[in-house]
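1. Dropping the sequence and predicted coords here.
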Amino acid sequence: MSILTRRKFIKTGILSTIGLIVLDSLWFEKYVIEWNHFDISKSNKNKIKIIQISDLHFDKLRYFHMSIAKKINSKKPDIVFITGDSVDKTEKIDSLNEFLELIDKSIPKYAITGNWEYWGNVNLTKLKNVFSKNNCELLINENRTINIRNREISIIGIDDFVGGNADFEKAIENLKQTETNIVLSHCPEHRDIITKQKGSLNIDLVLSGHTHGGQITFLGIVPFKPQGSGKYLKGWYKESEPKMYISKGIGTSILPIRFGARAEMVEIEI
């Protein structure tokens, strides 16, 4: 191989690699959703199927959103949890509504705020109303008890830790202690406070988002994690109670790319 040919070969290889990286970060990791399923149930009887949607950062309805809604409907979950950063501007709420309308209305849904609902000065009254018309309740330091498959479940929704006023003690006021207690808390760092404040309350699961799995990572190195992430990044944290799952979420923040942190939907049986 001549020097000129070798140089051309190397140049072509470099350009191809760059092209693949760009394609991966701008398209594949953003729009080809990774669906992860976990079974943490204590019994095979009356399992409850949860689907978590996190960090939508909704802009406009796209094909991959339609695919997500279609797959949710096909899975027939018992509950859908939307764990914050759904929109970062009030004018995006109508587009979010288009997405929510695609999801089976009969499925009960519960949502919480994220930091971007506050940083973007989102009209929370309008957001709450849009959630409500789609059988979704926005919980801000509140709890609800529901009955599914002859099981009582308590859902504790925390306000955002960074942008809002996260108050776990307020959220569990008048809580009916049930067999299963689930906490929705956008910023995973708040788990450290919940652990200190929960007392004898048994929490079966904390669902968080916020980190985007780092959004941009290089060989396991995460250059940036948003405030409120703490020592956490993604996936399961079971080294101590309460166990927590952090979704990498769907959307992007600041930069419209993902690398080494593919967009994720989460299905959990409990």
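-> Received it, and whenever you're ready, just let me know what you need.

2. so Glu264 touches Tyr245, yeah?
-> No - using C-beta atoms under 8 Å, Glu264 makes no contact with Tyr245, being 10.3 Å away. In short, each C-beta sits where N, CA and C put it, glycine included.

3. mind showing which ranges of the stretch 1-150 of the chain have poor pLDDT?
-> Counting by pLDDT under 70, the stretch 1-150 of the chain shows low-confidence ranges at 1-28.

4. Quick check: buried residues in stretch 219-238?
-> Residues of stretch 219-238 classed as buried under the neighbour-count rule (16 or more other C-beta atoms under 10 Å) are 222, 225-226, 228-230, 232-235, 237.

5. May I have the distance across stretch 111-130, first residue to last?
-> 11 Å (C-alpha to C-alpha, to the nearest Å).

6. again, but for stretch 257-270
-> Per C-alpha to C-alpha, the first residue of stretch 257-270 is 33 Å away from its last.

7. Grab the nearest non-local neighbour of the most centrally placed residue in the chain.
-> Geometric centre of the chain, nearest residue: Ser54, 2.1 Å, by C-alpha atoms, centre = their mean. Setting aside the residues directly before and after it, Ser54 is nearest to Gly209 in space (C-beta to C-beta, 6 or more residues apart in numbering), at 3.2 Å.

8. Repeat that for Lys170.
-> According to C-beta to C-beta, 6+ apart, the nearest residue to Lys170 is Asn141 (4.5 Å).

9. Arg62 now?
-> Leaving out its chain neighbours, Arg62 is closest to Tyr31 (C-beta to C-beta, 6+ apart), at 7.6 Å.

10. Would you mind confirming that the one you found makes contact with Ile257?
-> No - if you go by C-beta under 8 Å, Tyr31 and Ile257 don't touch, sitting 11.6 Å apart.
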